[in-house]
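*Asks:* take a look and give me a structure for this.
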Amino acid sequence: MADFPRRPPTGIEVIIVGAGFAGISAAIECDRKGHKPIILEKAAMIEEITRFGDIISFDPNGARHFERWPGVIEAMQKVARQTSWLDLYHWKGDFITRQSFLGEKKWGPRINGHRGELYSIIYQHALDRGIEVRLSQRVTDYFEDDEKAGVMVNGEKMVADVVIAAEGVRSRGRKIVLGHDDKPKSSGYAVYRCWFRGEAIKDHPMLKHLVASDTHSGWIGPDLHFLASSLKNGSEFNWVFTHVDDGNIEESWQFPGKKEECLKYVEGWAPIVTEIVKATPENARLIDHKLVFRDPLPTFISPKAKIVLIGDAAHPFLPTSIQGASQSIEDGIVLATCLELAGKSNIPLALRAHEKIRYERVHKAQATGVKTREKWHKADWDKVSENPEAIHLTREAWLLNFDVEADAYQRFREVAASFDGERARL
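*Replies:* The predicted model follows:
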């Protein structure tokens, strides 16, 4: 096991189901704070996670924590997009405004890069810390009693002091928390996502400027927005667009995309937008991803408070929030902190405190995604012409300039003492 700074051992054994960003980050934070995490991941190879996806963003409230994981932020910055602005255009092609993010540097780093590449950096850090990751582990059920919590994995029982369900919107952990099965619903929107090498368009007369260096651009129209960006000095390029969708997500919410279908959605849009889609290489990874909606949960924790939902299992985010990944990081940090401060003998108190600290903030953050989508998809262009900043991404200090670790350490005793019957144990 590598010699990383850690808090004193707590003896708390933690099972984490799911090795995505939420699960792997929670494991790292549990290790930092002296617990003993183990991750159960259904994928047979970690490449099944790293080879998918496109751009992912961590705002200062999320990325600041990578600075506490030795070597991680430095590795990320080497592969991240090197822009500090977003150029926004009318859907017919007129330039509207440039939104600068330079003023946010005082809040902390911003990281934007390929989902799989950034994930690989975090995953390797977890391995370097000596965290055990078990692959090909299919969890079929969760259970708890007054003493322990556990899962049924590959047909056998496995127990620990606490179980973290971090396996996404279809987490089986939701059943024990809610008391019934529930299914994801269509949000009414879907996203086409595409990623390919910048060299595919470097000689295209209309598009070559997009990969001459790192760029970030967006075209805003009725019920659709189209974003394109490049990174690694233009050597990699990606585009995404969110659109109205009534597709059925009963069985799946991710399908191979087709350029012909994409072009129908952007018919009549600025020539540069349609050319981006047309110029997409046939071997590019193009997917049609249904955006899943979940009603806000009444609770994130199980009846005996030994099992907790985090990340998308608890609160899926719209891409326009730019907060889904950062909030999943925050979940793991607050939970690991509360476990440390409550101690092995008081797991339920830790989980209740975690929920109380996270609940209002995470749902307020979720609402920012809807706010941005509505201001873009239903833009009043007469008003925008008078005030171009009206279509800027909402960037608020309460969300971005916030350190959940410091906040959890500061607030834990007050929050924990608010629970009846727990005060005497503190």
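
*Asks:* quick one: the helices in this protein?
*Replies:* Listed in chain order, the helices of the chain (DSSP state H) span residues 21-32, 47-50, 60-63, 72-79, 115-128, 173-178, 259-265, 271-278, 324-342, 347-377, 381-386, 397-400, 404-417.

*Asks:* closest to Lys304 out of those helices?
*Replies:* helix 347-377 (6.8 Å; Cβ to Cβ). The C-beta positions use only the backbone N, C-alpha and C, and glycine is treated the same way.

*Asks:* let me see the mean pLDDT of the closest one.
*Replies:* Throughout helix 347-377, pLDDT has a mean value of 93.

*Asks:* next, Ser136: phi, psi?
*Replies:* Phi and psi for Ser136, reported as degrees, to the nearest 10, are phi 60, psi 40.

*Asks:* how much space between it and Asn61?
*Replies:* According to Cβ to Cβ, to the nearest Å, Ser136 and Asn61 sit 34 Å apart.

*Asks:* okay, these two: which has more neighbours?
*Replies:* The neighbour comparison of Ser136 against Asn61 (other Cβ atoms under 10 Å) goes to Asn61, with 24 against 11.

*Asks:* now stretch 234-246: how far from the chain's centre is it?
*Replies:* In terms of Cα atoms, centre = their mean, to the nearest Å, the centre of stretch 234-246 is set 17 Å apart from its chain centre.

*Asks:* let the chain start at 63 from now.
*Replies:* Okay, residue one is now 63; in that scheme the one you just asked about reads as stretch 296-308.

*Asks:* quick one: contacts for Asp207?
*Replies:* Residues near Asp207 by Cβ atoms under 8 Å, 6 or more residues apart in numbering: Lys366.

*Asks:* quick check: which of the helices of the chain is nearest to Ile349?
*Replies:* Nearest of the helices of the chain to Ile349, taken as Cβ to Cβ: helix 321-327 at 11.0 Å.

*Asks:* hmm, Glu129 is touching Ile135, no?
*Replies:* Yes: with contact defined as Cβ atoms under 8 Å, Glu129 counts as touching Ile135 (4.8 Å).

*Asks:* what is in contact with these two at once?
*Replies:* Counting by Cβ under 8 Å, 6+ apart, the shared contacts of Glu129 and Ile135 are Pro171.

*Asks:* looking at those two, which is more packed in?
*Replies:* Shown here are Glu129 and Ile135; by other Cβ under 10 Å, Ile135 has more neighbours (20 against 12).

*Asks:* would you mind measuring from the residue lying closest to the more buried one once chain neighbours are set aside to Arg200?
*Replies:* Leaving aside its chain neighbours, Ile135 sits nearest to Phe128 (4.2 Å; criterion: Cβ to Cβ, 6 or more residues apart in numbering). Between Phe128 and Arg200 the distance is 30 Å, computed by Cβ to Cβ.

*Asks:* Ile349 now?
*Replies:* Taking Cβ to Cβ, one finds Ile349 at 24 Å from Arg200.

*Asks:* helices and strands of the chain: which one has the lowest mean pLDDT?
*Replies:* For the chain, scoring each helix and strand by mean pLDDT, DSSP states H and E identifies strand 316-318 as the least confident one, at a mean of 74.

*Asks:* what average pLDDT does the biggest strand by length in the chain get?
*Replies:* Identified as the longest strand of the chain according to DSSP state E is strand 247-259. For strand 247-259, mean pLDDT rounds to 86.

*Asks:* ok and that strand relative to helix 409-439, angle-wise?
*Replies:* Per axes from the mean of the first three to the mean of the last three Cα atoms, to 10 degrees, the angle that strand 247-259 makes with helix 409-439 is 70 degrees.

*Asks:* which outside residues touch strand 247-259?
*Replies:* Here strand 247-259 makes contact (Cβ under 8 Å, 6+ apart) with 115-117, 176, 297-311, 319, 324, 327, 342-343, 345-356, 380-381, 435.

*Asks:* buried sites along it?
*Replies:* Neighbour-count burial for strand 247-259 flags 248-249, 251-259 (criterion: 16 or more other Cβ atoms under 10 Å).

*Asks:* now stretch 279-299
*Replies:* For stretch 279-299, the neighbour count (16+ other Cβ under 10 Å) marks 279-283, 286-294, 296, 298-299 as buried.

*Asks:* endpoint to endpoint, that stretch covers what distance?
*Replies:* End-to-end distance for stretch 279-299: 12 Å, by Cα to Cα, to the nearest Å.

*Asks:* same thing with stretch 240-248?
*Replies:* End-to-end span of stretch 240-248 (Cα to Cα): 20 Å.

*Asks:* look at Phe128 and Arg200 and report which has more neighbours.
*Replies:* Using other Cβ under 10 Å as the criterion, Phe128 and Arg200 rank with Phe128 on top: 26 against 11.

*Asks:* how near is that one to Gly82?
*Replies:* 16 Å.

*Asks:* cool, Pro343 as well?
*Replies:* 28 Å.

*Asks:* who has more neighbours, the two?
*Replies:* Set Pro343 next to Gly82 and count neighbours by other Cβ under 10 Å: Gly82 wins out with 22 against 13.

*Asks:* and Ile170, how far from Met268?
*Replies:* Small correction: residue 170 is Gly, not Ile. Distance, Gly170 to Met268, by Cβ to Cβ: 37 Å.

*Asks:* ok, those two, which is more surrounded?
*Replies:* More crowded of Gly170 and Met268, by other Cβ under 10 Å: Gly170, with 22 against 13.

*Asks:* so what's the more buried one scoring on pLDDT?
*Replies:* So Gly170 comes in at 95 (pLDDT).

*Asks:* next one: the one 10 residues further on
*Replies:* Looking at Leu180, its pLDDT stands at 96.

*Asks:* ok, Trp460 next?
*Replies:* Value listed for Trp460 in the pLDDT field: 96.

*Asks:* any idea how far it is from Trp169?
*Replies:* 11 Å.

*Asks:* what does Ile117 give?
*Replies:* Distance of Ile117 to Trp169, computed by Cβ to Cβ: 21 Å.

*Asks:* for Tyr204, same thing?
*Replies:* Distance, Tyr204 to Trp169, using Cβ to Cβ: 37 Å.
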